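1. output the structure for:
(one chain, ligands or ions: 2)
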Amino acid sequence: MNPLVAPEPGHHGAHGGRTALSVNLNKVALLRNTRHLGIPSVTKAAQIVLEAGAQGITVHPRPDERHIRAHDVTDLAELLKAWPAIEYNIEGNPFHNLMDVIRQVRPHQATFVPDSVGQFTSDHGWTFPDDAERLRPLIAECQALGVRVSLFMDPIPEMMRAAREVGADRVELYTEAYASAWGTPQQAEVLTRYVRAGEAALAVGLELNAGHDLNRDNLSDFLRAVPGVMEVSIGHALIADALELGYTETIRDYQRCIQRAYAP
Ligand SMILES: CC(=O)[C@@H](O)[C@H](O)COP(=O)(O)O
Ligand SMILES: NCC(=O)COP(=O)(O)O
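-> Numbering: from 1, shown residues only. Ligands and ions are numbered 1, 2, ... in the order given. From the prediction side, this is the model:
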């Protein structure tokens with residue numbers, strides 16, 4: 001098939017010490033799937049966002065194929081052969097369809113998400129110790145294939161050691177609670193939970209990603225507060241912005257948000 005040669009661990013993810021932007025293309029596929037015309041094109045979207053400066057591509061091929069379909073995953077793998085510095089991140093539930101995809105495509109990163117089949121959208125992370133023993137062999141299998149594993153996690157500091165002990169390389173902090181609290185009186189208190197969870201992850205040797213409902217308003221505040229985030233994956237809001245601004249201007253704007261977070 002189209003195996004991508006996985007890089008050395010740590011090669012992908014961060015961008016010059018800053019947080020890498022991985023663009024989730026689910027919603028491009030969702031729109032495309034409402035007709036049989038092949039537009040908008042998922043691979044063309046990938047090409048444009050990469051030319052505009054995105055550092056990664058994320059997809060979440062759900063079992064019902066409501067958006068990303070099997071051919072999208074392999075089409076993107078083929079496209080990314082021409083972009084060796086770009087990280088390919090595939091999300092999903094390893095107890096449903098994800099492992100077959102990982103075995104076939106060998107992306108740089110697999111993000112394990114505990115969604116049920118047909119779930120509306122991701123809404124929680126893994127729970128330890130409950131999920132530990134069944135996750136362990138699948139994490140090891142991915143790593144043996146050269147695929148980094150990130151676990152989608154709620155911002156609970158006590159869970160981070162267990163995520164490390166089960167073998168994960170990274171955790172992705174599920175940011176919906178932060179996004180809903182942003183701009184409200186609860187923002188600071190909720191953000192503190194992410195700071196603590198991020199610190200706990202780094203302290204046990206995990207690398208850190210974040211995602212879900214991040215957008216141009218809330219991104220800088222998050223990255224300024226939570227140290228060490230190597231990658232954000234952003235889809236829904238970014239593609240909505242692209243409908244109004246175009247892909248290129250949208251990517252530039254998200255990169256400005258990331259830069260602002262690191263400005264002195
Ligand atoms: C894991 C995560 O937070 C996102 O991938 C989210 O699940 C997006 O999936 P949908 O685009 O299907 O809502
Ligand atoms: N991992 C999160 C992701 O890929 C995108 O989530 P969203 O921006 O679509 O909420």
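
2. contact residues of the stretch 151-264 of the chain facing ligand 2?
-> E172, G211, H212, D213, L214, S233, I234, G235, H236, A237 (C-beta under 6 Å from any ligand atom). (Glycine included, C-beta is placed from N, CA and C.)

3. which single one of those residues is nearest to ligand 1?
-> Relative to ligand 1, the closest of these is H212; by C-beta to the nearest ligand atom it sits at 3.7 Å.

4. just to revisit the earlier point, next step: the residues of the stretch 151-264 of the chain next to ligand 2 restricted to helices.
-> With DSSP state H as the criterion, helices contain H236, A237 from among those.

5. now the buried members of the residues of the stretch 151-264 of the chain next to ligand 2.
-> E172, G211, H212, D213, L214, S233, I234, G235, H236, A237 (16 or more other C-beta atoms under 10 Å).

6. taking those residues one by one, which sit in strands?
-> Taking DSSP state E as the definition of strands, those contribute E172, G211, S233, I234.

7. export these to TSV and tack on pLDDT?
-> What follows is these, written out as TSV (pLDDT from 0 to 100):
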residue	pLDDT
E172	98
G211	98
S233	98
I234	99
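
8. residues contacting the spatially most central residue of the chain?
-> For the chain, the residue nearest the mean C-alpha position is S233 (3.9 Å; C-alpha atoms, centre = their mean). Residues in contact with S233 (C-beta atoms under 8 Å, 6 or more residues apart in numbering) are S22, V23, N24, G56, T58, N89, E91, T111, E172, N209, G211.

9. tell me the bridge partners for it.
-> Assessed by DSSP bridges, S233 has beta-bridge partners S22, G211.
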